[in-house]
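Undergrad: my questions concern the predicted model and sequence given below.
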2 protein chains.
Amino acid sequence: MKEPEITATDILDALKRIQGILHRTPVMQCITLDKMSGATLYFKCENFQKAGAFKARGAVNAVMCLTEDKLAKGVATHSSGNHAAALAMAAGFRGTEAHIVMPENSSRVKVAAVRNYGGNITFCESNLASREETLLKVLEKTGAVEIHPYNNARIIQGQATAAYELLEDIPELDILLAPVGGGGLLSGTAMAVHHFSQKAIVMAAEPEMASDAYQSFQQKRFIESVDPQTIADGLRTSLGSITYPIISQYVNSIHLATETGIINAMRLIWERMKIIVEPSSAVTLAAILENPVPFHGKKVGIIISGGNVDLSSLPW
Amino acid sequence: MKEPEITATDILDALKRIQGILHRTPVMQCITLDKMSGATLYFKCENFQKAGAFKARGAVNAVMCLTEDKLAKGVATHSSGNHAAALAMAAGFRGTEAHIVMPENSSRVKVAAVRNYGGNITFCESNLASREETLLKVLEKTGAVEIHPYNNARIIQGQATAAYELLEDIPELDILLAPVGGGGLLSGTAMAVHHFSQKAIVMAAEPEMASDAYQSFQQKRFIESVDPQTIADGLRTSLGSITYPIISQYVNSIHLATETGIINAMRLIWERMKIIVEPSSAVTLAAILENPVPFHGKKVGIIISGGNVDLSSLPW
């Protein structure tokens, strides 16, 4: 068996780097959702994290690992979402620039968030080829260091700290459940559980409309995500060369959620827990309510990934 | 000076009664709102309380104080809002019935909440005369004990526990700020501060469109609330014979908020804090942002009163 790329020490070091900079987010429970699911659910509320999502953990860890010298010309990424704002914020903490390539159809709210943290935005067309090409030009022009949103060990180490904290608060968890898009959060969660829990297993939730990770997992070969239309905009990306092997090895199962299920779960969380979560965060609860059997009677830790929503266009 | 009706022991006894039944709600902070207000704001999140509002504190305290004998025929109230659901829940904890008189135009969500807790609803016309008359008939028919939503010492003692907990968490507060409708929460807050803080003063926030408490306070005479149209539906009622004297004596000032200010503040709390609060809860932040001077540089404890909102009809 190949040694995992992410060690226990890596995760503890990442935790030290983010402590005092980011929030230790609370764990919430909800009696109604417990009754509906037949499980005991513990929600790790990364929607309360700085910049509104778990992405701050990876971005801060990655930026903190860079020397002053490396940092001098800034950092760069392409992202339409929470990683963009998180990286702009993290760059600001170190006094350097963040160059963000965003698709021209990115949501108004996400563009505003990047600007709010002082990020330099370059717009591109809304496809992967244009994103990568534009990023290459930006890297060439600026000399900035690229920080990939998920296919980067420092990012995965940072994301792992969310599950680490959750296990510290609720050591008796049977299952940790995270949404999967590019797989940064899921890989980090899997490695945190591997190193720090004797009993928990790791499950993932994915939109049926963007089921590339599920297909890859079932067919034991990497399958790309091709223009998925799910409302869970944080989960449209493909797995990466670092995240796919970790997920293949350390994740127990991947469960799908329908679009209706995602919207209903999002509304349930808003109404019953009184917290704002984005669609990508509701995929986990949707997957439980649509596939309840494996969760029955279990203590389930759920990573609520983020809370950045355009309140002017809600899906109900 | 007349002895206050609500003693320190009353509040500590109420706290003992609700402990283990209700939540000790968290205190949240938000850097963005601190910057916008020029103050340091501590939000006591009663939107996370059982039944979604601080009203659970008073209702549980009042119901717990009743003997089995008194309870046998149930409890009753008229309320279009959070007190109705809270009383139905509290009655359920003691295994007795709650008879709730609700105006026929009460929101779908609030009616569903009362039903969810097993309350027996009698609908009436949407005016105070019809509410009181219908309640009298219900009391006569059932022999239930009336639990008034705010003009009741047990209710005020219960509501006081929110400010008590907030002061326990953040003893250095300069100001406690609560919204004022009937004055139950504000009276309880004022008495908790009177007994348990050496330095804090109490301020209130009220919609400009329902400024009866402000007018009463300024003119030093009781002025009734007449059919106010504010979006803050929890704050439309008049002060009572118990709450008005307490507020006159122990509250430092009342600040008004416009309807636009309330809606903007509500949206700011949703967007920046990622929590769901109802319009009545946003009146406090709106009052600060519209009248910032008295709050500048101060540590301000704010009671977020509740989070029960119809997500299908948002004001933006």
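TA: Looks like it came in fine.
Undergrad: alpha carbons only for contacts and neighbour counts from here, please
TA: OK.
Undergrad: I'd assumed residue A:69 was in contact with residue A:144.
TA: No. Using CA atoms under 8 Å, residue A:144 makes no contact with residue A:69, being 11.0 Å away.
Undergrad: those two: which is more packed in?
TA: residue A:144 (21 against 8; other CA atoms under 10 Å in any protein chain shown).
Undergrad: mind listing what the closest residue to residue A:292 other than its chain neighbours touches?
TA: In this structure, residue A:292 finds its nearest non-sequential neighbour in residue A:37, 6.4 Å apart by CA to CA, 6 or more residues apart in numbering or on different chains. The contact partners of residue A:37, by CA atoms under 8 Å, 6 or more residues apart in numbering or on different chains, come to A:288-289, A:292, A:295-296.
Undergrad: so where's chain A shaky on pLDDT?
TA: Applying pLDDT under 70 to chain A flags residues A:1-4.
Undergrad: who in it is up against chain B?
TA: A:47-48, A:52, A:270-271, A:273-277, A:307-309, A:311-312, A:316 (CA under 8 Å from any CA of the partner chain).
Undergrad: from those, which two are the most distant?
TA: Maximum pairwise distance in those, criterion CA to CA, is 23.1 Å, between A:48 and A:316.
Undergrad: in helices only, show me the contacts of residue A:37.
TA: In helices, defined here by DSSP state H, the members of those are A:288-289.
Undergrad: write the PyMOL selection for whichever of the contacts of residue A:37 are buried.
TA: Selecting only the buried entries of the contacts of residue A:37 in PyMOL, with 16 or more other CA atoms under 10 Å in any protein chain shown as the criterion:
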select buried, chain A and resi 288+289+292+295
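Undergrad: give me the neighbour count for residue A:121.
TA: Based on other CA under 10 Å, the number of other residues close to residue A:121 is 19.
Undergrad: hang on, I meant residue A:241
TA: Using other CA under 10 Å, residue A:241 has 12 other residues around it.
Undergrad: contact partners for the residue nearest to it when sequence neighbours are not counted?
TA: Counting by CA to CA, 6+ apart, the nearest residue to residue A:241 once its immediate chain neighbours are dropped is residue A:151, at 6.7 Å. Neighbour list for residue A:151: A:182, A:184, A:240-243 [criterion: CA under 8 Å, 6+ apart].
Undergrad: please apply the same query to residue A:303.
TA: Applying CA under 8 Å, 6+ apart, the residues near residue A:303 are A:43-46, A:162-163, A:176-179, A:281.
Undergrad: part of a strand, is it?
TA: Yes. Applying DSSP: H, G, I helix; E, B strand; the rest coil, one finds residue A:303 inside a strand.
Undergrad: pull up the gap between it and chain B, please.
TA: 15 Å (CA to the nearest CA, to the nearest Å).
Undergrad: kindly state the beta-bridge partners for that residue.
TA: residue A:44 (DSSP bridges).
Undergrad: so who does the residue of the stretch 151-300 of chain A found nearest chain B touch?
TA: Nearest to chain B in the stretch 151-300 of chain A, going by CA to the nearest CA, is residue A:275, at a distance of 4.3 Å. Each residue near residue A:275 by CA under 8 Å, 6+ apart is listed here: A:269, B:274-276.
Undergrad: next, give phi and psi for it.
TA: phi -120, psi 150 (degrees, to the nearest 10).
Undergrad: mind listing what's buried in the host helix or strand of residue A:185?
TA: According to DSSP states H and E, residue A:185 maps onto helix A:184-196. Neighbour-count burial for helix A:184-196 flags A:184-194, A:196 (criterion: 16+ other CA under 10 Å).
Undergrad: mind giving me the packing neighbours of that helix?
TA: helix A:8-18, helix A:153-169, strand A:175-179, strand A:201-207, helix A:243-250 (3 or more CA pairs under 8 Å, 6 or more residues apart in numbering or on different chains; DSSP states H and E).
Undergrad: can I get the ones you listed in JSON lines including mean neighbour count?
TA: Compiled in JSON lines, these are given as follows (neighbours: other CA atoms under 10 Å in any protein chain shown):
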{"stretch": "helix A:8-18", "mean neighbour count": "18"}
{"stretch": "helix A:153-169", "mean neighbour count": "25"}
{"stretch": "strand A:175-179", "mean neighbour count": "27"}
{"stretch": "strand A:201-207", "mean neighbour count": "27"}
{"stretch": "helix A:243-250", "mean neighbour count": "20"}
